[in-house]
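**Student:** test case, fold it:
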Amino acid sequence: MKKAELLCACIALILLAGYAYEWNYQGFFFLFYRTITTFSGAVALLCIAYYFSLFKQESYHDLLKDASFWFVTGCLIFYTTNTAVNAFFAELVRIKIKGQISIRYVVMALLNVMMYGCWIKSFLCLKNKRIYIQA
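**Tutor:** Okay, here's the model as predicted:
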């Protein structure tokens with residue numbers, strides 16, 4: 001558990017340093033896409049570490065009923081794709097659909113739907129687990 005706490009503290013420090021750097025050079029009213037990309041990559045790596053820990057377990061778990069699996073899956077889908085979208089931020093903002101809507105906006109909206117869909121499934125798993133335990 002100490003390794004996880006140390007890793008999270010390091011990621012938080014890197015995130016704060018990135019925000020401070022971009023705030024200093026860009027100002028407060030611009031999107032800090034470099035810092036967001038770094039954070040997205042870090043969250044994606046943490047999600048992959050979670051999946052790796054699942055592979056190392058010797059016991060069987062029904063992942064379709066596991067709330068943490070669905071929560072991490074939503075984060076992985078969102079943050080891995082978000083990393084790629086933010087890496088090409090300047091190019092994607094210029095591409096418009098029907099002349100007005102940025103393709104980045106559409107991609108991010110779809111990612112939000114997928115992430116929140118996984119999170120809803122996660123909360124439903126928690127609810128079903130509580131009902132099963134009470135019965």
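
**Student:** how many other residues sit next to residue 125?
**Tutor:** 20 (other C-beta atoms under 10 Å). C-beta coordinates here come from the backbone N, C-alpha and C atoms, glycine included.

**Student:** excluding its backbone neighbours, what's nearest it?
**Tutor:** In this structure, residue 125 finds its nearest non-sequential neighbour in residue 67, 4.0 Å apart by C-beta to C-beta, 6 or more residues apart in numbering.

**Student:** I'd like the distance between residue 5 and residue 52.
**Tutor:** Separation of residue 5 from residue 52 (C-beta to C-beta, to the nearest Å) stands at 18 Å.

**Student:** cool, and residue 109?
**Tutor:** 30 Å.

**Student:** state which helix of the chain is the longest.
**Tutor:** helix 103-134 (DSSP state H).

**Student:** which other helices and strands contact that one?
**Tutor:** With contacts defined as 3 or more C-beta pairs under 8 Å, 6 or more residues apart in numbering; DSSP states H and E, helix 103-134 has these neighbours: helix 67-87, helix 89-94, strand 96-97.

**Student:** may I see the buried residues of that helix?
**Tutor:** Burial within helix 103-134, assessed by neighbour count using 16 or more other C-beta atoms under 10 Å, is assigned to 104, 108, 111, 115, 118-119, 121-122, 125.

**Student:** any stretches of the protein with poor pLDDT?
**Tutor:** Where the chain drops to pLDDT under 70, the residues are 1, 30-31, 131-135.

**Student:** related to what we said a few turns ago, export the buried residues of helix 103-134 to CSV and tack on distance to residue 28?
**Tutor:** Putting those into CSV (distance: C-beta to C-beta, whole Å) gives the following:
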residue, distance to residue 28
104, 21
108, 21
111, 25
115, 26
118, 32
119, 29
121, 36
122, 34
125, 39
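
**Student:** now do the strand or helix carrying residue 46 and helix 67-87, the angle between them.
**Tutor:** Per DSSP states H and E: residue 46 is located in helix 33-56. Calculated by axes from the mean of the first three to the mean of the last three C-alpha atoms, to 10 degrees, helix 33-56 forms an angle of 150 degrees with helix 67-87.

**Student:** sweet, I'm off.
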